[in-house]
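J.: Would you be able to build a 3D model of this:
(chains A and B)
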Protein chains: 2
Amino acid sequence: MKLENRIKHELIRLLLQNRSHFLSGEEMSKQIGCSRMAIWKHIEELRKAGYEIEAKPRSGYRLQVNPDRVSAAEVSAYLTTKRLGQHITYLDTTTSTQTVAHEWAKEGAPEGAIVIADNQTAGRGRLGRNWFSPKSAGIWFSLILRPQIDLQAATQLTLLMSVAVRQAIQKATGLSPHIKWPNDLLINEKKICGILTELRGEQDQIHYVVVGMGMNVNTPYTMFPSELQNQASSLAIETGHQMDRAPLIATLLAEIEALYDEYLTDGFLPIKLKWEAGAGMLGERITARTAKNTVSGIATGLSSEGALLIQCDEKTIPIYSAEIEV
Amino acid sequence: MKLENRIKHELIRLLLQNRSHFLSGEEMSKQIGCSRMAIWKHIEELRKAGYEIEAKPRSGYRLQVNPDRVSAAEVSAYLTTKRLGQHITYLDTTTSTQTVAHEWAKEGAPEGAIVIADNQTAGRGRLGRNWFSPKSAGIWFSLILRPQIDLQAATQLTLLMSVAVRQAIQKATGLSPHIKWPNDLLINEKKICGILTELRGEQDQIHYVVVGMGMNVNTPYTMFPSELQNQASSLAIETGHQMDRAPLIATLLAEIEALYDEYLTDGFLPIKLKWEAGAGMLGERITARTAKNTVSGIATGLSSEGALLIQCDEKTIPIYSAEIEV
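T.: Got it, this is the predicted structure:
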């Protein structure tokens, strides 16, 4: 990172982490390792960028209002994780954070590295579909993982992520989204978040996984294209108020890290139980359209490998890939 | 392809496909769509490159001896396939055909495209291991496939490839290699061919698969590094004579295409039966070391998904990834 950017990054982090009290210019310059003149200059720049910073003689500076930004400085100010989010690439705009993360992973990005964009011009969903990712309205990010698991187990990561997103939304808003197999989270039957797990690997070894997430946070109802208005919603629509995205990303990463550590230590069973507790369609009659046929029956849970189990007359059929209608 | 290269490519193909009789310069210039002068010039160049071409007044040209080359012209002269090998990238030397094929696949290479190298400086095997790939001694190639199957089924492709390689070697040499799970072919307990299946995909969809193959064809015993001499062999060592690689690649592609079409139409069962018929260790006591533990028991066959089944006391344990000792 360039020196100027590093100072700005550190200054934002200090201001965000010390909102309850004043920090003197001297203390900030000491902690960051730059001149007081540089602090003063960057405070002025942050003010121009929308940060409202109170200055009090002999006390110093205190952040009062900050814009809802998701750059590395904002996100890292809230991080409580040990491994996830320690390396952040932030882009104002990009085609798809998945594409950027794949390139970074191939170049050796460490486990836990994330790519965040404020705006995606070609956000991707499952099966090559589009994901609507308007500027500053949601969380569009991709996480690089390097789990030592078989290719066969990769599907379990999407299920793990669904549980983590559900828990993060519960903590941040009090709302309890339902998980729709395989990769969506719904509130009041409308899509709040989608998860896309992509990977590169061989039979015995996953080289890397890129987990993409699109979460509609502050998207107003009218911003959704008309064809999505019946299917999609945002946390702001459901709670009635806007929320800052950076602390929400930090909460998400904390939930992911805790579940991921549990998964690597104890295997899939604890994840399976949490997933089943949060799934919206167990016990209901569903129709699963796979590439080859259509299966109708009662969704009963997950297999120990992570397939969706459908009870169909006497038989229980495991489904790995399908379109689901409830 | 540049015009000069296209003429050379077509000329080699014509000469190889018409070895039994003479072709006049006029006929060749008509079929290729170039001047007779260009034919004459390229015949001279081929002679300098090691092709022995007989010329007979009023009859034309006939190929007598050709060097053992595996460029696109040589390979495509022997092709009988409909989809595989229709697009060939040939490189005299490269790091790894897998790496080149991954890049090509990402840029949109069609199903069946192949990358062939005469020499690999960093040939790759399973789990990041090296694959010894000396110049002109073997078949080092990567095949791009785009099957519409689940991620879970990808492991079946390695098994399919093992069967195809076994059949191709049987047809070309009369020898019957044994398949060693998951990805090796052995003759007299020594490794003749290894297969590396890599892929990029998501839970519901494989974006592309790159199947790499390293086959020791004309490698003399003394060329193997000493640490490989007890484990590796070549077709030339086992049959007692050298063989041309281009027709062998064409035979390989024909066997792969037939099995792949069968697989896409009828599923994994026919592949499973052929695999079990060619496996060298069924009924024997084996030890499988997985990432987490070690399983010893009798190898009994494949599960309907493609896992190796090991009978261990009362239980049958499916193995997806392990090191096997017979």
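J.: Need the CA coordinates for stretch A:304-314. CSV is fine.
T.: Only the C-alpha atoms of stretch A:304-314 are listed here, as CSV (Å, rounded to 0.1, in the frame of the first residue of the first chain):
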residue,chain,number,x,y,z
SER,A,304,-24.3,-36.8,6.0
GLU,A,305,-22.6,-35.6,2.9
GLY,A,306,-24.8,-32.6,2.3
ALA,A,307,-27.3,-33.7,-0.3
LEU,A,308,-30.9,-32.6,0.1
LEU,A,309,-33.0,-35.6,1.0
ILE,A,310,-36.4,-35.9,-0.6
GLN,A,311,-38.9,-38.6,0.7
CYS,A,312,-40.7,-39.9,-2.3
ASP,A,313,-43.1,-42.7,-1.6
GLU,A,314,-41.0,-45.4,0.1
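J.: outside of that stretch, which residues touch it?
T.: A:152-153, A:155-156, A:159, A:181-182, A:268-269, A:272, A:286, A:288, A:295-303, A:316-320, A:322, A:324 (CB atoms under 8 Å, 6 or more residues apart in numbering or on different chains). In this view, the C-beta of every residue, glycine as well, is placed from N, C-alpha and C.
J.: Stretch A:317-324 too?
T.: Looking at what lies outside stretch A:317-324 - CB under 8 Å, 6+ apart - the contacts are A:155, A:180-182, A:281, A:286-291, A:295, A:297, A:303, A:305, A:307-310, B:150-152, B:203-205.
J.: Show me which of the contacts of stretch A:304-314 are buried.
T.: Burial by neighbour count, 16 or more other CB atoms under 10 Å in any protein chain shown: within the contacts of stretch A:304-314 this picks out A:152-153, A:155-156, A:159, A:181-182, A:268, A:272, A:286, A:288, A:295, A:297, A:299, A:301-302, A:317, A:319-320, A:322, A:324.
J.: Which ones among the contacts of stretch A:304-314 lie within strands?
T.: The subset of these located in strands under the criterion DSSP state E comprises A:286, A:288, A:295-302, A:316-319, A:324.
J.: burial count for residue A:170?
T.: Neighbour count of residue A:170, defined by other CB atoms under 10 Å in any protein chain shown: 15.
J.: residues in contact with it?
T.: Residue A:170 touches A:176, A:177, counting by CB under 8 Å, 6+ apart.
J.: pLDDT wise, what is it at?
T.: Listed pLDDT for residue A:170 reads 97.
J.: List the buried residues in whichever helix or strand it is part of.
T.: Per DSSP states H and E, residue A:170 falls inside helix A:155-173. The neighbour-count check on helix A:155-173 (16+ other CB under 10 Å) flags A:155-169, A:172-173 as buried.
J.: How about stretch A:64-77?
T.: Neighbour-count burial for stretch A:64-77, counted by 16+ other CB under 10 Å, picks out A:66, A:68, A:69, A:70, A:71, A:72, A:73, A:74, A:75, A:76, A:77.
J.: now stretch A:303-314
T.: Those would be A:306, A:307, A:308, A:309, A:310, for stretch A:303-314 by 16+ other CB under 10 Å.
J.: What average pLDDT does the helix or strand where residue A:98 lies get?
T.: Following DSSP H and E, the helix or strand that holds residue A:98 is helix A:97-106. Helix A:97-106 shows a mean pLDDT of 96.
J.: returning to that earlier point: how about a markdown table for the buried residues of stretch A:64-77, with distance to chain B added?
T.: Shown next, in a markdown table, are these (distance: CB to the nearest CB, whole Å):
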| residue | distance to chain B |
| --- | --- |
| A:66 | 36 |
| A:68 | 30 |
| A:69 | 30 |
| A:70 | 24 |
| A:71 | 28 |
| A:72 | 27 |
| A:73 | 31 |
| A:74 | 29 |
| A:75 | 25 |
| A:76 | 29 |
| A:77 | 32 |
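J.: so of those residues, which ones are in helices?
T.: A:72, A:73, A:74, A:75, A:76, A:77 (DSSP state H).
J.: coming back round to it: among the ones in strands among the contacts of stretch A:304-314, which two are most distant?
T.: Greatest spacing in these, by CB to CB: A:296 and A:302 (18.5 Å).
J.: Contact residues of chain A facing chain B?
T.: Within chain A, the positions near chain B by CB under 8 Å from any CB of the partner chain are A:126-128, A:148, A:150-152, A:154-155, A:158, A:182-183, A:196-205, A:207, A:291, A:320-322.
J.: Could you pick out the buried ones from the residues you listed?
T.: If we count by 16+ other CB under 10 Å, the residues of chain A next to chain B have these buried: A:126, A:150-152, A:154-155, A:158, A:182-183, A:196-205, A:320-322.
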